[in-house]
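Trainee: sequence first, then the predicted structure:
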Amino acid sequence: MPAVLRVALPLPLPTLFDYLPPAAGESHVGSRVLVPFGRGKRVGVVVAIDAEATIGSHRLKQVVRLLDDAPLLDAELMRTLAWAADYWLGAPGEAYANALPLSLREARPLPAIGDEYWSLTPSGRSTHDAGGRRGGSQALLAALAAGASSAQELTEGLPGWRAAARRLAEAGLLERSERPPLDHHPLPASLAPQLSDEQHQAVAAVGACLGQYQPFLLDGVTGSGKTEVYLALIEQVLAQGRQALLLVPEIGLAPQTVRRLRERLGVIVEVLHSNLSEGDRARAWLRARAGTARVILGTRSAVFTPLPQAGLIIVDEEHDSAYKQQEGFRYHARDLALVRARALGVPVLLGSGTPSLESLANAESGRYRSLHLRARPGATRPPQVQIIDMRAQRLEHGLSPALLTAVAETVARGEQALVFRNRRGYAPVLLCHSCGWHAECSRCDRPLTLHAGRRQLICHHCDYRQRLPDACPSCGATELKAQGQGTERLEEALVTQFPQVPVLRVDRETTRRRDAFEQLLGTLRDDQPAILVGTQMLAKGHDLPNLTLVAMVGVDEGLHSVDFRASERLAQLVVQVAGRAGRARKPGRVLLQTHQPDHPLLRGLLAHGYAAAARGLLAERRQIQLPPYSHQVLLRADAGLREHVDAFLADACAALPPDGAWQLAGPMPAPMPLRAGRHRSQLLLEAVSRSVLHGMLRSWQLALLALPSARRVRWSLDVDPIDL
Ligand code: ADP
Ligand code: ZN
Ligand code: ZN
């Protein structure tokens, strides 16, 4: 009886596929194979080598070609991926497809990873030390003085470096190599700050657990010195010859962090995120697999990076919802980081100034060890927070007199102010004053946002766009009024009020290009007054030492949401945005403009801080048995016709095993019942016991796949959904 290969193929089906081994070569679990499928061929990953086939072996097809002599995915990754596919109800092949960079999912030989590295020659080092050379050459010498760099890193950090490299190499000051030099030259210890007692304790606690699995939650606001803790720990990991993986929620955070890591650690920092070219991404992934990449910084999908010499995994801003993939394979990178750390036998450090309630509950139950950074090093006092009661105020484009006065005082002192509003565009509603008509997206049943600069109405849910009408389409009146404020309108109002001060708007519209965000903030001089207007994007990234006033406009919307996580999100947002004020030596001030000055969440947050507010929210969740004290699975369905959605969800209910230890909510309309012309409904399963829920999910999923009504809808199962 020949062995049978069980292969995961990148298809949304919850099964593996059996093939006969290829004519040539020895197959391994974790190797890629090219197999016949349907009328074409596909690349899959060997998941198991079994003696027995699930169907008669005379019907099995043979693998066309073995693509890897040695496993591409090691045993740990294979186990972790199998676990992840099972837990998040993914198709096995989809989990593997998420783990592998795109170009490694093709039937091509692996790209060579011995690529391009540059370092100083001894005479290059003396030229640098003597301060010789100017301009681009000098910048390149300085960059390499901290240690060798890959071409990719140089391109990210020093545009136009190649011309300088050519000149300097001709002069014998630089040399090029194919492999990364393994030695590292950290900056002299004198340049690293002396760690505070709290930082020291955190480093000691995690450092004592290197070589074993232990989760830690490092709770410290932005600016409290978490990154210094990461750096000290990564240094220890490097000294042991091991690898460190640092996850960040957004690429926007990456450039500054890369610079800091590399300067301090003196090693090449591999960056893995979705904006890389596919070739670069594959090479970085392969360098991690080869163990030559020692420090890997990446966003969500970097959690799948191979770490043959793993030493430590860090998840920065662990509360950030960007870690959850919201389509296809719906995994959570933070949770997966924990699973990997356990499999690898290394500590995992979750850092946040506003930890998720899930992580706080894990810390409370003793599953995670808590570490705290309470003091802000170097900074003066924590920012002073104040509520502005908007009721009965005369507003200038949504800005209260108290807010405008505070901005005026700030810029008069030569300092910077940030006006935060989490809505792009000019105004969220365009209204006819004569007849009450308002512009609405017919495919979503939601108001269209007015974008005045582009003279367009845009649906923020489905991206439908139309030209701004000159007159009311309903009554013909020309008196169309913009209702409410978006960042574009606030920018206009602030420009009018403060014509002599630069006003910078930061939202998805003004930062469409890659790196535009960093560049925009980079134009801010530390010693000049300025006003920033922007969305959530401004909550993080780039340190702004001259920013002393943060004014939040329109926080009320977060107080009214139906999502039970809205309070947690609002508390996190307020604390994160407020944390931008007063980072350096100057004291900061935070204003919250609201119509509900007595709201208990806002009051509690201001009086007692995030930790206390989070404890209160956790107590509420416990009482009404919401996550993290219960577990949820959401079945979402949408279709062009409402009947199709209703029929499918009714069948889905009927397909549930009878009287299980779970609660069922729905079928009910989704929070947005119509989106892009599709009707949407959902069904929520909830259970106190995770194993009870998981015990029935796979069979239910298979039952759903077999339903005829399932073919007329788009549907998905979301385990631990973070959006209801
Ligand atoms: P976080 O990662 O929590 O936002 P950082 O580690 O970036 O905080 O620290 C904020 C600022 O304080 C940085 O400029 C950092 O260099 C500085 N800093 C951190 N720890 C210390 C320390 N022990 N002594 C002096 N400065 C420090
Ligand atoms: Zn009208
Ligand atoms: Zn729409």
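Mentor: Okay, I see it. Ligands and ions are numbered 1, 2, ... in the order given.
Trainee: from ligand 3, how far out is Phe216?
Mentor: From Phe216 over to ligand 3 the distance is 43 Å, taken as C-beta to the ion, to the nearest Å. Glycine gets a C-beta too; all of them are placed from N, C-alpha and C.
Trainee: before we move on, what SS does Asn98 have?
Mentor: Classification of Asn98 using DSSP: H, G, I helix; E, B strand; the rest coil returns helix.
Trainee: correct me, but it touches Ser301?
Mentor: Yes. Taking contacts as C-beta atoms under 8 Å, Asn98 lies within contact range of Ser301: 6.3 Å.
Trainee: looking at the stretch 601-724 of the chain, what residue ends up closest to ligand 2?
Mentor: Nearest to ligand 2 in the stretch 601-724 of the chain, going by C-beta to the ion, is Leu674, at a distance of 23.5 Å.
Trainee: doesn't Ser274 lie inside a helix?
Mentor: No. Counting by three-state DSSP, Ser274 is not part of a helix but coil.
Trainee: what residues does it make contact with?
Mentor: Neighbouring residues of Ser274 by C-beta atoms under 8 Å, 6 or more residues apart in numbering: 251, 299, 301.
Trainee: tally of neighbours for the last one?
Mentor: A count of neighbours around Ser301, defined by other C-beta atoms under 10 Å, yields 20.
Trainee: and it, that's in a helix?
Mentor: Yes. Using three-state DSSP, the assignment for Ser301 is a helix.
Trainee: and it, what is it in contact with?
Mentor: By C-beta under 8 Å, 6+ apart, Ser301 lies in contact with 98, 272, 274, 333.
Trainee: repeat that for the second one.
Mentor: Going by C-beta under 8 Å, 6+ apart, Thr299 touches 247-251, 254, 272-274, 322.
Trainee: repeat that for 7 Å
Mentor: For Thr299, the contact set (C-beta atoms under 7 Å, 6 or more residues apart in numbering) comprises 248-251, 273-274.
Trainee: buried ones among the residues you listed?
Mentor: When these are checked for burial by 16 or more other C-beta atoms under 10 Å, the buried set is 248-251, 273.
Trainee: which stretches in the stretch 151-300 of the chain count as strands?
Mentor: For the stretch 151-300 of the chain, the strands defined by DSSP state E, counting those that start in this stretch cover 174-177, 214-220, 243-247, 269-272, 295-298.
Trainee: the stretch 401-550 of the chain now?
Mentor: Using DSSP E, counting those that start in this stretch, strands in the stretch 401-550 of the chain cover 416-420, 429-432, 440-441, 446-447, 449-451, 456-458, 465-467, 480-483, 503-506, 530-534, 547-553.
Trainee: any idea how far apart the tips of stretch 193-202 sit?
Mentor: End-to-end distance for stretch 193-202, by C-alpha to C-alpha, to the nearest Å: 15 Å.
Trainee: how about it: buried residues?
Mentor: By neighbour count on 16+ other C-beta under 10 Å, the buried set for stretch 193-202 is 195-196, 198-199, 202.
Trainee: for the residues you listed, could you give me JSON lines that also reports pLDDT?
Mentor: JSON lines is the format used below for the buried residues of stretch 193-202 (pLDDT from 0 to 100):
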{"residue": "Leu195", "pLDDT": "91"}
{"residue": "Ser196", "pLDDT": "91"}
{"residue": "Glu198", "pLDDT": "94"}
{"residue": "Gln199", "pLDDT": "95"}
{"residue": "Ala202", "pLDDT": "97"}
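Trainee: now, the most widely separated pair of the residues you listed?
Mentor: Greatest spatial distance in the buried residues of stretch 193-202: Ser196 and Ala202, 9.5 Å, computed using C-beta to C-beta.
Trainee: picking that back up, what is the neighbour count of the residue of the stretch 601-724 of the chain closest to ligand 2?
Mentor: Leu674 sits with 20 neighbouring residues when counted by other C-beta under 10 Å.
Trainee: in the sheet, who's paired with it?
Mentor: Beta-bridge pairing for Leu674 (DSSP bridges): His679.
Trainee: swap in Leu371?
Mentor: Taking DSSP bridges as the rule, Leu371 bridges to Leu218.
Trainee: wait, it touches Val203, no?
Mentor: No. Here Leu371 does not reach Val203: they are 9.3 Å apart, not a contact under C-beta atoms under 7 Å.
Trainee: so between those two, which is more surrounded?
Mentor: Between Leu371 and Val203, Leu371 has the larger neighbour count (other C-beta under 10 Å), namely 24 against 20.
Trainee: contacting residues for the more buried one?
Mentor: Counting by C-beta under 7 Å, 6+ apart, Leu371 touches 202, 205, 216-219.
Trainee: near ligand 1, which residues of this protein?
Mentor: Residues of the chain lying near ligand 1 by C-beta under 6 Å from any ligand atom: 193-196, 199, 220, 222-228, 377-378.
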